[in-house]
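Novice: structure, please.
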Amino acid sequence: MKHFGDIAFTDRVKAEQDARGSREMYAGLTARQAPTGLGEREAAFIGMRDSFYIATVSEEGWPYIQHRGGPRGFLKVLSDTQLGFADYRGNRQYVSVGNLATEKRVSLFLMDYPNRARLKLLGKASVMEARSAPDLAEALDIEGQGKVERLFAIEVEAFDWNCPQFITPRFTQEELAASLSPMVEELQTLRQENAFLKQELGR
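Specialist: Numbering: from 1, shown residues only. Next up, the predicted model:
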């Protein structure tokens, strides 16, 4: 596995860093030993996500970003260098599938909005029909999502954690319910006490 910067920092990017005063800092980061694979922190983070963004490139060089969503853990860590997820019937545009037929390189963005954290991954993705890899299809299938049509296997080549600056916290209904539950219970208790007091005063 490489440092994220070994892939992302092209000569043109390095020139911009030189011109703007950040090259020395990033050169120091990539001079360290690169990780050998995804660690426990990355695996735990990936396992908690219920969505991510994946970017592919067309044969004409156009980037395309697709949002993928599902139950927590639908993007699975298959090994310390490989991720996978099952593909179900969608809008049937097949843009990502078509792009990956000619260019395997992908970029993934995984967001944790409540905790203002994000993980970026670079890799190469393979797409296969579910019937051609039944064992993998069974491993990636998520109950209740329908029939698996295709499988995505991503060999991760680099990853990087971004700083939390400018990430606006956002919460799902489930996260809000868990956070607000104590206040709702307290409000219900106060309402019951208020009703009791009114009843007592009315006697």
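
Novice: now the longest helix along the chain: mean pLDDT?
Specialist: Criterion DSSP state H: the longest helix present in the chain is helix 173-202. For helix 173-202, mean pLDDT rounds to 77.

Novice: how far off centre is it?
Specialist: Here the centre of helix 173-202 is set off from its chain's centre by 37 Å, with Cα atoms, centre = their mean, to the nearest Å.

Novice: helices and strands around that helix, which ones?
Specialist: Of the remaining helices and strands, none touches helix 173-202 by 3 or more Cβ pairs under 8 Å, 6 or more residues apart in numbering; DSSP states H and E. C-betas here are computed from N, CA, C, even on glycine.

Novice: that helix: which residues count as buried?
Specialist: Along helix 173-202, not one residue counts as buried under the neighbour rule (16 or more other Cβ atoms under 10 Å).

Novice: what's the answer for stretch 23-32, then?
Specialist: 23, 26.

Novice: dump that stretch to PDB, restricted to CA.
Specialist: Extracted in PDB, the C-alpha atoms of stretch 23-32 (Å, rounded to 0.1, in the frame of the first residue of the first chain):
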ATOM      1  CA  ARG A  23       5.200  21.200   0.000                       C
ATOM      2  CA  GLU A  24       7.700  20.700   2.800                       C
ATOM      3  CA  MET A  25       4.900  19.600   5.300                       C
ATOM      4  CA  TYR A  26       3.400  17.100   2.800                       C
ATOM      5  CA  ALA A  27       6.900  15.800   1.800                       C
ATOM      6  CA  GLY A  28       7.500  15.000   5.400                       C
ATOM      7  CA  LEU A  29       4.300  13.000   5.700                       C
ATOM      8  CA  THR A  30       5.000  10.900   2.700                       C
ATOM      9  CA  ALA A  31       8.600  10.300   3.800                       C
ATOM     10  CA  ARG A  32       7.300   8.100   6.600                       C
END
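
Novice: which residues touch that stretch?
Specialist: 3, 5-6, 9, 14, 17 (Cβ atoms under 8 Å, 6 or more residues apart in numbering).

Novice: redo that, cut-off 10 Å
Specialist: With contact meaning Cβ atoms under 10 Å, 6 or more residues apart in numbering, stretch 23-32 is reached by 2-6, 8-9, 13-18, 160.
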